[in-house]
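Peer 1: generate coordinates for the sequence data below:
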Amino acid sequence: MDDILAAVESHLVGALGPASGRAGVTFLGTERMDVLRFGPDADGLFRYATLGMSRSPLPDPTATVVDPVDGPRAELVLSVRGPRDDALRTLAVLAASPFVETAVVVAGASLDLGEPLWPGSRFVAVLVGEPGGLVPDLGDVAFYPLLPMTANEAAFKRAKGAADLEERWLAYGTDLRDPDRAEVTLT
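Peer 2: This next block holds a predicted model:
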């Protein structure tokens, strides 16, 4: 499995440039989850990408037996203006959640954090975006962007769906990479 992680890390570096930082977190019952920091780029954006989630295929919550070899794999990518290194542990928790809590990680899913994305943040959940944009897929490894949501936006997403929330963000010209952005109007 170390070959997979080496290939994923090389792929991330190819897509985002050299890593400018790295942190690792180990949770009881899981293997180490690293989070790599890339940036800042010319626009002041930092990218945080998990490394370790793709070690194993994502569990299928409807399956009675998990296939340890075949199946889709994933890593998560957060883009934010300005450094947010205090989000590293939270990102590692999200990366471990499919294996610890059987959280489903697919485009359109929301992952509730139970706490701010980083200390003082108004974002308490993330919407899992469509993979293949910023970081192209690598074989069966998809790189899912994480879109921060406030509690009200997360509630709106649960009630109306991801597409309706994304339409609101687009209609209001919401910069989802802005760590200080206002909540989008939901009424």
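Peer 1: touching the lengthiest helix in the chain from outside, list them.
Peer 2: If each helix of the chain is counted by residues according to DSSP state H, the longest one is helix 2-16. With Cβ atoms under 8 Å, 6 or more residues apart in numbering as the test, helix 2-16 has contacts from 19, 36, 38-39, 47, 49, 51-52, 54-55, 73, 75, 134-136, 138, 141, 143. The C-beta positions use only the backbone N, C-alpha and C, and glycine is treated the same way.
Peer 1: quick one: residues in contact with the following helix or strand past it.
Peer 2: From helix 2-16 onward toward the C-terminus, using DSSP states H and E, the following helix or strand is strand 19-25. By Cβ under 8 Å, 6+ apart, the residues outside strand 19-25 that reach it are 9, 12-13, 32-40, 85, 88-89, 92-93.
Peer 1: returning to that earlier point: looking at the contacts of helix 2-16, which are in helices?
Peer 2: Among the contacts of helix 2-16, no member is found in helices (DSSP H).
Peer 1: which of the residues you listed count as buried?
Peer 2: 19, 36, 38-39, 47, 49, 51-52, 54-55, 73, 75, 135, 138, 141, 143 (16 or more other Cβ atoms under 10 Å).
Peer 1: of these, which is the nearest to Ser121?
Peer 2: The nearest member of the buried ones among the contacts of helix 2-16 to Ser121, counting by Cβ to Cβ, is Arg47 at 17.1 Å.
Peer 1: quick one: low-confidence parts of this structure?
Peer 2: Applying pLDDT under 70 to the chain picks out residues 1, 60-68.
Peer 1: before we move on, back to that, run the angle between the longest helix of the chain and strand 19-25 for me.
Peer 2: Here the directions of helix 2-16 and strand 19-25 differ by 140 degrees (axes from the mean of the first three to the mean of the last three Cα atoms, to 10 degrees).
Peer 1: find the nearest non-adjacent residue to Leu51, please.
Peer 2: Excluding the flanking residues, the one nearest Leu51 by Cβ to Cβ, 6 or more residues apart in numbering is Asp34, at 4.2 Å.
Peer 1: cool, Ala103 as well?
Peer 2: Using Cβ to Cβ, 6+ apart, the closest residue to Ala103 is Ser97 (3.9 Å).
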